[in-house]
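Undergrad: This is the structure alone, sequence omitted:
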């Protein structure tokens with residue numbers, strides 16, 4: 001499933017075509033994706049101006065000029081494709097190549113922009129993605145968003161905050177980090193990477209990173225820094241590679257070139273002087289990659 005950096009890269013890739021454009025028509029080629037489309041969805045949004053694109057956790061938010069917001073989640077296999085002036089571009093880098101088979105084109109945004117028209121096409125073979133329409137002023141209280149923790153890129157995420165969340169928790173550290181109520185948008189890949197950078201085992205109890213007085217340990221402080229850095233690096237890599245794939249299919253590999261531990265089972269650990277080997281275990285149905293020699 002696309003993680004926060006991939007969704008942010010998609011947002012940045014779509015923004016030049018969508019922000020400031022008029023949504024002439026929203027074409028729905030079926031009645032549902034994972035869930036049914038909202039009632040009168042196409043009629044309600046067609047003809048509205050698109051004021052901005054933003055993101056909350058792994059959700060793409062398309063703000064309209066009447067105070068409504070189209071909420072889009074890519075699910076497992078969703079992607080957007082921009083078609084304008086005979087060019088086709090799929091913003092975002094994904095571990096599994098994204099489909100361009102037109103039979104899976106389920107939603108088409110017909111746009112009138114400044115100087116040129118465009119089509120933004122949502123393609124989703126497995127149809128695990130979804131779209132909804134929400135009043136912007138009500139997003140914070142909407143069921144999709146009301147229980148989400150702070151963004152890993154924002155100032156709200158701090159060692160003190162996580163100390164409060166993790167205190168006395170026997171829950172494995174990786175599971176605690178994947179809990180969207182603790183941190184919004186963190187996924188399996190970048191949790192593995194952040195734990196490796198901070199030399200912490202995914203099996204370690206989350207509460208062991210909090211002192212007896214309830215303060216964050218030095219290890220927890222390092223983890224927060226690692227989370228911020230791994231997300232920032234992934235977003236920067238996506239933004240950089242995005243500029244390189246105009247007129248290509250956009251499937252450049254999910255920042256795989258910069259993975260230090262994820263999907264590197266049985267390979268040497270790249271921590272200088274470690275000498276260990278990357279292992280793989282399964283936690284709550286998900287693969288965890290880590291080095292037992294230097295992550296404790």
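TA: Great, that's in hand. Predicted model, so just to flag it, every value in this text is computed and none were measured.
Undergrad: what number of residues lie near residue 206?
TA: 23 (other Cβ atoms under 10 Å). C-beta here means a position set from N, CA and C on the backbone, and glycine is covered the same way.
Undergrad: Would you agree it is in contact with residue 173?
TA: Yes. Assessed by Cβ atoms under 8 Å, residue 206 is found in contact with residue 173 at 4.9 Å.
Undergrad: Counting by contacts, list what the longest helix belonging to the chain packs against.
TA: Criterion DSSP state H: the longest helix present in the chain is helix 218-242. Applying 3 or more Cβ pairs under 8 Å, 6 or more residues apart in numbering; DSSP states H and E, one finds that helix 218-242 makes contact with helix 4-18, helix 159-166, helix 188-197.
Undergrad: I'd like those helices written out as a markdown table, with mean pLDDT and distance to residue 287 added.
TA: Converted to a markdown table, those look like this (pLDDT from 0 to 100; distance: least, Cβ to Cβ, whole Å):
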| stretch | mean pLDDT | distance to residue 287 |
| --- | --- | --- |
| helix 4-18 | 88 | 18 |
| helix 159-166 | 98 | 23 |
| helix 188-197 | 95 | 7 |
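Undergrad: Relative to residue 66, which of these is closest?
TA: Closest of these to residue 66 is helix 4-18, at 15.9 Å (criterion: Cβ to Cβ).
Undergrad: Which positions in the very next helix or strand once past that closest one come out as buried?
TA: Scanning forward in sequence from helix 4-18 by DSSP states H and E, the next helix or strand is strand 22-28. Within strand 22-28, the residues scored as buried using 16 or more other Cβ atoms under 10 Å are 22, 23, 25, 26.
Undergrad: and the longest helix of the chain, which residues are buried?
TA: The neighbour-count check on helix 218-242 (16+ other Cβ under 10 Å) flags 219-224, 226-227, 230-231, 233-235, 237-238, 241-242 as buried.
Undergrad: same deal with stretch 270-281?
TA: Buried residues in stretch 270-281 (16+ other Cβ under 10 Å): 271, 278, 279.
Undergrad: Mind checking which of these land in helices?
TA: Per DSSP H, the subset of the buried residues of stretch 270-281 in helices is empty.
Undergrad: What segments of the stretch 1-150 of the chain are strands?
TA: With DSSP state E, counting those that start in this stretch as the criterion, the stretch 1-150 of the chain has strands at 22-28, 50-56, 59-64, 68-73, 79-84, 87-89, 105-112, 117-123, 130-135.
Undergrad: Walk me through the domains of the chain.
TA: What the TED database lists as the domains of the chain is 4-141, 159-291.
Undergrad: Of those domains, which is nearest residue 150?
TA: Taking the domains of the chain one by one with Cβ to Cβ, domain 159-291 is closest: 6.5 Å.
Undergrad: for the closest one, the distance to its chain's centre please.
TA: 14 Å (Cα atoms, centre = their mean, to the nearest Å).
Undergrad: now do the same end-to-end measure for it.
TA: 24 Å (Cα to Cα, to the nearest Å).
Undergrad: same question, stretch 178-190
TA: 10 Å.
Undergrad: on that earlier part again, so for the longest helix of the chain, mean pLDDT?
TA: Across helix 218-242, pLDDT averages out at 86.
Undergrad: got the angle for that helix vs helix 4-18?
TA: Counting by axes from the mean of the first three to the mean of the last three Cα atoms, to 10 degrees, helix 218-242 lies at 40 degrees to helix 4-18.
Undergrad: Pull the residues that contact helix 218-242.
TA: Here helix 218-242 makes contact (Cβ atoms under 8 Å, 6 or more residues apart in numbering) with 3-6, 8-9, 12-13, 91-93, 152-153, 157-159, 162-163, 166, 177, 183, 186, 190, 193-195, 197-200, 209-210, 216, 250, 252, 255, 257-258.
Undergrad: Good, we can wrap up now.
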